[in-house]
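Engineer: build me a structure from this.
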Amino acid sequence: MKEGMPILQHLNAFNKILSDLLVLEVKLEEEDKTLLLLSYLLLSYDHLATTIVYGKEKLELEYVGQMLQNNKLMKKTDCTKEASGLVVKG
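Structural biologist: Below you'll find the predicted structure:
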């Protein structure tokens, strides 16, 4: 993942790689795919990745993808709320 790359774009690129591997008949277990996705995230996602993995007996790629997208939406909502409360007096 490149710095500044939207998470959805990263997920799409990752899914394309998985599709390419499938065409080459390379089979990966669901948990291996999920761990690969988490390992290729930016360092800023480390805390979220740890939270997602913690206490899970089995990881599913779809679940992790949804959590990453939800995190991005929550950050966007938080920034919007903060910005709407700013007042400048001069």
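Engineer: please, which helix or strand holds the residue sitting nearest the centre point of the chain?
Structural biologist: For the chain, the residue nearest the mean C-alpha position is Leu68 (3.4 Å; Cα atoms, centre = their mean). Per DSSP states H and E, Leu68 falls inside helix 61-84.
Engineer: for the residue nearest to the centre of the chain, which residues are in contact?
Structural biologist: Residues in contact with Leu68 (Cβ atoms under 8 Å, 6 or more residues apart in numbering) are 7, 11, 41, 45, 48. Glycine gets a C-beta too; all of them are placed from N, C-alpha and C.
Engineer: repeat for Glu31
Structural biologist: Counted by Cβ under 8 Å, 6+ apart, Glu31 has contacts 58-59.
Engineer: and the residue nearest to the centre of the chain, what pLDDT?
Structural biologist: pLDDT, Leu68: 86.
Engineer: likewise for Lys76?
Structural biologist: 68.
Engineer: which of the contacts of Leu68 fall in strands?
Structural biologist: Members of these lying in strands (criterion: DSSP state E): none.
Engineer: could you dump those residues into CSV and include pLDDT?
Structural biologist: CSV is the format used below for these (pLDDT from 0 to 100):
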residue, pLDDT
Ile7, 82
Leu11, 89
Leu41, 86
Tyr45, 83
Leu48, 84
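Engineer: widest-spaced pair of these?
Structural biologist: Greatest spacing in the contacts of Leu68, by Cβ to Cβ: Leu11 and Leu48 (13.8 Å).
Engineer: in this protein, what residue spans correspond to helices?
Structural biologist: 7-23, 30-39, 46-53, 61-84 (DSSP state H).
Engineer: phi, psi of Lys27?
Structural biologist: phi -110, psi 130 (degrees, to the nearest 10).
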